[in-house]
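J.: requesting a structural model of the entry that follows:
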Amino acid sequence: MSEFKRNMMDILNNESFANSRYSYMAVEKLVLVMLADYIGKQNKEFISEPFAGDGRYRFDGLAPDGFDDYQGKTAIEIKFFRHPRISTSIIYDTIGRATVHSNDIENLIFILLSPEPISSTNRIMEKITENQNFKIHIWDINDFEKIVNSNPKLYSETLANLNSIILRDTISNSVKKSEIRVKNSKRNQYIRDLQREYTSDNVVLFLGAGASKDANIATWDDLISKLFVALINKVIEKENKRITKAESEKIVETLVKQEDSSPLLQARLLRRGLETDFEDLIRRILYKDAKATSDLLKELAQLCVPNRGKIGIQAIVNYNFDDLVEKNLKRLRVKYHSIYAEGMIPNNDEVGIYHVHGFIPQDKGDYKNLAKSLLVFSEEGYHKLLLEPYNWANISQLNYLINNCCVFIGLSMTDPNLRRLLEVAAQKQRDGEQSCKHYAIMKKQKIDGSNDSEGLANFENVNASLQESLYEELGVNIIWIDEFSEIPEILKMIKDGTEDAGGTIA
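T.: This is a model prediction of the structure:
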């Protein structure tokens, strides 16, 4: 057996390859480097990850002038399989998309890499119809080995330095592209993809604190600060002491800024000190300045209104304690079921709203058995989620992350339990399925002065690209925004399937 085949066998049979999107990216980069060298020696151009004709589909590679005996524009798709028996649906799906979105390629080459030659190649070719306007070609590991043998030194060097090559290319590509072009081309494509998922009744919303922010729901910092004030007043009253408002504020500022006290540990202290008053105090603080709705909540609710003959949103996973989503659905007469304890199941005509960190509605009389709600406001509650993989909240989230297209709104994506669940879901994907199917709407980190500094602007793009690579490993695409006010318009476009007046989704 050749060194190349031994390498490929080791890589494809390795568990870490099957469980990591980064590993797929690394080996794909190896293939693209070898193709670029091979085709370049024929004085012909090779482009990695070009868009198809209408910009809605991205091939792995493209030889605009062909190469070898392939005449005309030749697209290349790379697929990896851990065994020679493959799921042919992946091939057919790719052919279908290429047929719809590309009307100017002459050839489409599939490079199917597995430890042994693919056993179903003939069956695949027999089932391919003549509906596409290009020729289909299939390479297996033997065919690609010929490319490797054309420059074995380059192959060995690339294999040994894949990590640094990927990092270098990520930075290089970010610097070369303008911010607007990168942002718009990807964002436009992602919104089109979400429109398709939405019309297929396949979208689940994951909502964080940012979803309620514009409705003036108290932030975590506000909750912590005001709960400390309540705790201090309780202690002072119990000791029959006096304290001024200024002194109280100074004590709270000191407690909140303690270096050795994490927010979760602070919350644990508060829960212990306030005892039975804890949840009622949270409720009072949470809704003190709250509004019933906001532009974002209105558009989230509209997404849940099913279009004719459709379901709409499959479910909502809500990390927030408040019931503003419920209020906005009620206003539109959308049936819903708040889920906050084990055994609660929505009916088929109801949108399930899963309060996986706990539920504190403004009027507790509207709901039963709220005491069973898991309140992940302190260390003990959070540890319960981390230590109980079969907890109803974890199972519910994991089910949607594995089976649906999930959209994260108002979440920082740093929650360790969520990232753990995303990692598990990514590992459960079908062998050979490499696509990111989830989307997070996130505000791009800006550096003061970047609008007037090319160097700072380039760094912003590099930073964004590195974040995208990290989230891709978890199966998540990032839809970048400059301001949170853009989110309602994005949701409206997903709902209506519309584009802006210029014909391009902004």
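
J.: can you name the next helix or strand after the helix or strand of the chain with the lowest mean pLDDT?
T.: Within the chain, no helix or strand scores below helix 15-18, which has a mean of 54 by mean pLDDT, DSSP states H and E. The helix or strand immediately downstream of helix 15-18 is helix 21-40, counting by DSSP states H and E.

J.: and stretch 415-428, what's buried?
T.: Across stretch 415-428, burial judged by 16 or more other CB atoms under 10 Å covers 415, 417-418, 420-422, 424-426. For glycine as for every other residue, the C-beta is placed from the backbone atoms N, C-alpha and C.

J.: using the three-state scheme, assign residue 440.
T.: Here residue 440 is recorded as strand under DSSP: H, G, I helix; E, B strand; the rest coil.

J.: that one contacts residue 412, correct?
T.: No. Residue 440 is not in contact with residue 412 according to CB atoms under 8 Å; the separation is 9.5 Å.

J.: between those two, which one's more packed in?
T.: Per other CB atoms under 10 Å, whichever of residue 440 and residue 412 has more neighbours is residue 440, with 22 against 13.

J.: out of the buried residues of stretch 415-428, who's nearest residue 72?
T.: Nearest to residue 72 among the buried residues of stretch 415-428 is residue 426, at 37.3 Å by CB to CB.

J.: just the ones of the buried residues of stretch 415-428 in helices?
T.: 417-418, 420-422, 424-426 (DSSP state H).

J.: now do the strands in the stretch 201-350 of the chain.
T.: Secondary structure of the stretch 201-350 of the chain (DSSP state E, counting those that start in this stretch): strands located at 203-207, 315-318, 336-339.

J.: give me the residues contacting the last one.
T.: Outside of strand 336-339, the residues that reach it under the criterion CB atoms under 8 Å, 6 or more residues apart in numbering are 304, 323, 326, 329-330, 344-347, 350-355, 359, 361, 367, 396.

J.: and the strands of the stretch 201-350 of the chain: which comes nearest residue 59?
T.: For residue 59, the closest of the strands of the stretch 201-350 of the chain is strand 203-207, at 26.3 Å, according to CB to CB.

J.: any weak-confidence spans in the stretch 51-200 of the chain?
T.: Within the stretch 51-200 of the chain, the segments meeting pLDDT under 70 span 51-57, 82-89, 101-103, 115-132, 165-185.

J.: show me where it has helices.
T.: Using DSSP state H, counting those that start in this stretch, the helices of the stretch 51-200 of the chain run over residues 88-101, 121-127, 141-149, 152-160, 162-176, 179-199.

J.: same for the first one, what does it pack against?
T.: In other words, helix 88-101. Helix 88-101 is packed against strand 74-80, strand 107-113, helix 121-127, with contacts defined by 3 or more CB pairs under 8 Å, 6 or more residues apart in numbering; DSSP states H and E.

J.: show me which positions of it end up buried.
T.: Across helix 88-101, burial judged by 16+ other CB under 10 Å covers 90-91, 94-95, 97-99, 101.

J.: just the fourth one next, same as before
T.: For helix 152-160, the neighbour count (16+ other CB under 10 Å) marks 155, 158-159 as buried.

J.: distance to residue 469 added to those residues, as a markdown table?
T.: Formatted as a markdown table, those follow (distance: CB to CB, whole Å):
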| residue | distance to residue 469 |
| --- | --- |
| 155 | 23 |
| 158 | 18 |
| 159 | 20 |
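
J.: follow-up on the earlier one: TSV for the strands of the stretch 201-350 of the chain, including mean pLDDT, distance to residue 222 and mean neighbour count?
T.: Formatted as TSV, those follow (pLDDT from 0 to 100; distance: least, CB to CB, whole Å; neighbours: other CB atoms under 10 Å):
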stretch	mean pLDDT	distance to residue 222	mean neighbour count
strand 203-207	97	19	24
strand 315-318	97	19	26
strand 336-339	95	24	21
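
J.: residue 279: which of those strands is closest?
T.: Nearest to residue 279, of the strands of the stretch 201-350 of the chain and by CB to CB, is strand 336-339 at 16.0 Å.

J.: what lines up beside that closest one in the sheet?
T.: Sheet pairing for strand 336-339, assigned by DSSP bridges, gives strand 351-355 (parallel).

J.: what's the average pLDDT for the partner strand?
T.: In this model, strand 351-355 has an average pLDDT of 95.

J.: how about the helices in the stretch 351-500 of the chain?
T.: For the stretch 351-500 of the chain, helices defined by DSSP H, counting those that start in this stretch occupy the ranges 379-387, 392-403, 416-427, 454-473, 487-496.

J.: pipe those helices into CSV and attach distance to residue 113 and mean pLDDT per row.
T.: Below are the helices of the stretch 351-500 of the chain laid out as CSV (distance: least, CB to CB, whole Å; pLDDT from 0 to 100):
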stretch, distance to residue 113, mean pLDDT
helix 379-387, 37, 60
helix 392-403, 25, 92
helix 416-427, 20, 87
helix 454-473, 20, 78
helix 487-496, 35, 94
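
J.: please produce a markdown table containing those helices, extended by distance to residue 110.
T.: As requested, the helices of the stretch 351-500 of the chain are arranged in a markdown table below (distance: least, CB to CB, whole Å):
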| stretch | distance to residue 110 |
| --- | --- |
| helix 379-387 | 42 |
| helix 392-403 | 27 |
| helix 416-427 | 24 |
| helix 454-473 | 22 |
| helix 487-496 | 32 |
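
J.: out of the ones you listed, the one nearest residue 37 is which?
T.: Among these, the nearest to residue 37 by CB to CB is helix 454-473 (23.6 Å).

J.: helices and strands around the closest one, which ones?
T.: Counting contacts by 3+ CB pairs under 8 Å, 6+ apart, helix 454-473 packs against helix 21-40, helix 162-176, helix 179-199, strand 476-481.

J.: what angle do that helix and helix 21-40 make?
T.: Relative orientation of helix 454-473 versus helix 21-40 (axes from the mean of the first three to the mean of the last three CA atoms, to 10 degrees): 120 degrees.

J.: strand 476-481 and helix 454-473, what's the angle between them?
T.: Using the same axes, to 10 degrees: helix 454-473 against strand 476-481 is 150 degrees.

J.: how far is helix 454-473 from where the chain is centred?
T.: Mean-position distance between helix 454-473 and its chain equals 16 Å (CA atoms, centre = their mean, to the nearest Å).

J.: buried residues in that helix?
T.: By neighbour count on 16+ other CB under 10 Å, the buried set for helix 454-473 is 457-462, 464-465, 467-468, 471-473.

J.: got TSV for the residues you listed, with distance to residue 37 too?
T.: Formatted as TSV, these follow (distance: CB to CB, whole Å):
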residue	distance to residue 37
457	32
458	28
459	31
460	32
461	27
462	26
464	29
465	24
467	30
468	26
471	30
472	25
473	27
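
J.: what is the most widely separated pair among these?
T.: Of all pairs in those, the most separated under CB to CB is 457 and 473 at 26.0 Å.

J.: which strands or helices does the helix or strand hosting residue 8 pack on?
T.: Here residue 8 sits within helix 3-13, counting by DSSP H and E. Packing partners of helix 3-13 (3+ CB pairs under 8 Å, 6+ apart): helix 141-149.

J.: can you list contacts of the helix it packs on?
T.: Contacts of helix 141-149 (CB under 8 Å, 6+ apart): 2, 4-5, 8, 31, 34-35, 38, 111-117, 155.

J.: output the ones in helices among the buried residues of stretch 415-428 as TSV; include the columns distance to residue 138.
T.: Listed next are those as TSV, based on distance: CB to CB, whole Å:
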residue	distance to residue 138
417	42
418	39
420	38
421	37
422	33
424	33
425	30
426	27
